[in-house]
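Student: When you get a sec, could you give me coordinates for this:
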Amino acid sequence: MRKTTFMAVLLAGLAMGAQARTWTSSDGSKTFEAELRSYDFASGIVSVVTEKGQLLKFSVSKLS
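Tutor: Here you go, the predicted structure:
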């Protein structure tokens, strides 16, 4: 259920156009601002770009 909800939020973000948002680690200890670039459903990899232009990729399980 949690993964389905997360994917729905990601897809909604892609459909509405990219804009920076706060991302939180799965344990809630870290946050950062970044813009959603893509989500690969098959691999579960989320790609974001930070405000400084750095491309970061995470497994969906690393984010809350």
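
Student: OK, contacts around the residue nearest to residue 26 when sequence neighbours are not counted?
Tutor: Nearest residue to residue 26, sequence neighbours excluded (CB to CB, 6 or more residues apart in numbering): residue 64, at 5.1 Å. Placement of C-beta: from N, CA and C, glycine included. For residue 64, the contacting residues are 24, 25, 26, 27, 28, by CB atoms under 8 Å, 6 or more residues apart in numbering.

Student: Tell me the confidence at residue 64?
Tutor: Residue 64 carries a pLDDT value of 82.

Student: quick one: the strands in the protein?
Tutor: Here the chain has its strands, by DSSP state E, at 20-24, 31-40, 45-50, 55-59.

Student: Of these, which stretch is the most buried?
Tutor: strand 45-50 (a mean of 17; mean count of other CB atoms under 10 Å).

Student: Each with direction, which strands does it pair with?
Tutor: Its sheet considered, strand 45-50 pairs with strand 31-40 (antiparallel), strand 55-59 (antiparallel) by DSSP bridges.

Student: Of all those strands, which one comes closest to residue 19?
Tutor: Evaluated over the strands paired with strand 45-50, closeness to residue 19 peaks at strand 31-40, with 6.3 Å, by CB to CB.

Student: Would you mind giving the orientation angle of the closest one with respect to strand 20-24?
Tutor: Strand 31-40 and strand 20-24 are oriented at 100 degrees to each other (axes from the mean of the first three to the mean of the last three CA atoms, to 10 degrees).
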